[in-house]
Structure formats: structure tokens, C-alpha cells
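Student: after the sequence you'll find the predicted model.
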Amino acid sequence: MATNSTPPAEGSARCEALLSSAPAAWWGTEPTIAVLSFFVWMNLFRSREVKESFAQRWLRPPYRFALSGAASIAIYWLGVALWVANVRAPEGVETGCVSGPASAFRLCIECASGLLGYDFIFFWLHLSMHVSPRIGHLLGHGRHHELDGSAEKAIESSFRTTHHSIVDGGLQVLSNILVQRYTPWGTAKTRLARWCHNVIITYMLVESHTSAPSPAIARRFFSGVRRHNIHHRTRGPPFQQFFGYLDHYVTPFFVANLKGPLKDRSG
């Protein structure tokens, strides 16, 4: 009986051809994947938060997410272009196509290390923005929280994910770029792992900010994603965006030595 399934070897060869092509190697491909992923995930969760048309979704006053979103994309691309122009790309980047158990394991480990690395780096930045009023004001972290505390679902939205000051958002992008270059064991991260990382991390960031009850994939497994709404209500712990071990072991030390409320420290 004939089937339309693709043999593993043929599928791997197609993957190699795709990821070895000039468009795949172009420096703008990964940023494009990240931007499109954010757009898809934000619209997916937004459609489950409130019933509205696509135009209402992006043009609702007074925040007009379409305008702030367009500005964020422009600044993001400018920053990536400046990075590419001044920082040498890793050498010896492999495609990372899966051809068997070993390559599949490598893909999973590289993706997991990227998520762990980003979460670890940004935890310290995020914590500092809240425990130090000076740092919070300097980096403009209050902009990310300016839509908090409203009962209106149009504002308590997954769209808050990318609602940052230039510096705050830039630090998130920089943290992500750093963990995308090399693995913790020193090898250049494969192209497929970098693509998968961008799709996964954007999904987790958006799910952590949504008020929609579903889909709840990341919230089911990762305490930082599940409890991030608590942070937006109180501006206190948890500060870790994905996992919870640093909030368990590190955050209590800093919070116990604070004078004054956390709520007003990131404005």
C-alpha cells in the first residue's frame, strides 16, 4: 500500500538543503522569525482574551498597540543591524537537522540551554530594576508595567509582552542574542536550534503575559510563566520569567533587605 510519508533520510536532506541556503544564512532571517512568532502568538492569545475585530485589536485607543508595535519593530531591526555590523558572527555554524536520536537530543539540549540561559541572565536585570529605584527609572522598566492594575481586558493583555522602553526591550533582545550564539559548552549553536528557540521563547513570553485561560501549555510546566501575572499585580516576586529556582533561593535575600514597597520601584 502506497503512502505519502517522507523517508527520514530524504527529510533530513531537504532540511540540510533549506538550512544551508543563502536565505537561511542571511542575518535577517532569525529576526524575521522572532517578529513573526511574536505576531502570531500575540494575536492567538489576544483572540482568546476579548472578542474584537482585527482593527480594534491593534488600533484601540488610547494605547494604539499598532503604533507602539511598529516603533518597536523598527528599533529592533535597527539594533540587530548595528549588532551584525559590529560583532563577528560565530564560525562553523551547522544546520542542526535531525537525522537520528543523537541529533534530536542535541537539538533539544541546545534549545533548553538557550531558555535556561536567557532566563538566568534576564532574572538579574529584572530583579535589579525592581529592587533599585534608580536602576528601574534609568532603564524605563515602568513602561512595561504602566498597563497593570486595570480591570479592562483590552489593557490587561498579551500585548503587554512587547510594551517596553527602548533600553528595557533592548536588554531583553541582547540577552537573547547572547544565549543564541554559543552553547554553554562552547560550540556554535546550530541554525535549527536558533530558529526553534525564537519560536519557543516568544511563545513562552506571550503566554506569561496573557489573561486568556488557554492555551496553557507553558503555564502547565513552568512556574515562572504560570506566576508572572502575580508579578504584574504586585511588582514583587516572582521575577524569573520562565523557571522558579532563582526566586526560591535568591529573591528572598534581596526582598528581606529592602526598605519600602517593591510596587513603586520600577516606575
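Tutor: Good, I have the coordinates. Only a predicted model underlies this, so the values are computations on that prediction, with no experimental measurement involved. Numbers count the residues shown, from 1 in each chain.
Student: going by C-alpha atoms from here, please, whenever you check contacts or count neighbours.
Tutor: Noted.
Student: any buried residues in the one helix or strand I109 maps to, and which?
Tutor: Element membership of I109, judged by DSSP states H and E, is helix 101-131. Buried residues in helix 101-131, counted by 16 or more other Cα atoms under 10 Å: 106-107, 110-111, 113-115, 117-123, 125-131.
Student: now find how far off-centre the following helix or strand past that helix is within its chain.
Tutor: Sequence order places helix 133-139 as the next helix or strand after helix 101-131, per DSSP H and E. Averaging C-alpha positions (Cα atoms, centre = their mean, to the nearest Å) puts helix 133-139 22 Å from its chain's average.
Student: got the end-to-end distance for stretch 203-216?
Tutor: Criterion Cα to Cα, to the nearest Å; first-to-last residue distance in stretch 203-216 is 11 Å.
Student: could you pull out the buried residues of it?
Tutor: Y203, M204, L205, V206, E207, S208, H209, T210, S211, A212.
Student: by mean pLDDT, flag the weakest helix or strand of this structure.
Tutor: In the chain, the helix or strand scored least confidently by mean pLDDT, DSSP states H and E is helix 54-59, which has a mean of 70.
Student: right, and the helix or strand after it?
Tutor: Using DSSP H and E, the helix or strand that follows helix 54-59 in sequence is helix 65-86.
Student: dump that following helix to PDB, restricted to CA.
Tutor: As requested, the backbone C-alpha atoms of helix 65-86 are provided in PDB (Å, rounded to 0.1, in the frame of the first residue of the first chain):
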ATOM      1  CA  PHE A  65      -0.700  48.900  20.100                       C
ATOM      2  CA  ALA A  66      -0.200  49.000  16.300                       C
ATOM      3  CA  LEU A  67       1.800  52.200  16.500                       C
ATOM      4  CA  SER A  68       3.900  51.100  19.500                       C
ATOM      5  CA  GLY A  69       4.400  47.700  17.900                       C
ATOM      6  CA  ALA A  70       5.600  49.300  14.600                       C
ATOM      7  CA  ALA A  71       8.000  51.500  16.500                       C
ATOM      8  CA  SER A  72       9.300  48.500  18.500                       C
ATOM      9  CA  ILE A  73       9.900  46.500  15.300                       C
ATOM     10  CA  ALA A  74      11.800  49.400  13.700                       C
ATOM     11  CA  ILE A  75      14.000  49.900  16.700                       C
ATOM     12  CA  TYR A  76      14.500  46.200  17.000                       C
ATOM     13  CA  TRP A  77      15.700  45.900  13.400                       C
ATOM     14  CA  LEU A  78      18.000  48.900  13.700                       C
ATOM     15  CA  GLY A  79      19.600  47.400  16.800                       C
ATOM     16  CA  VAL A  80      20.100  44.000  15.200                       C
ATOM     17  CA  ALA A  81      21.600  45.700  12.100                       C
ATOM     18  CA  LEU A  82      24.100  47.600  14.300                       C
ATOM     19  CA  TRP A  83      25.000  44.400  16.100                       C
ATOM     20  CA  VAL A  84      25.600  42.500  12.900                       C
ATOM     21  CA  ALA A  85      27.700  45.300  11.500                       C
ATOM     22  CA  ASN A  86      30.000  45.400  14.600                       C
END
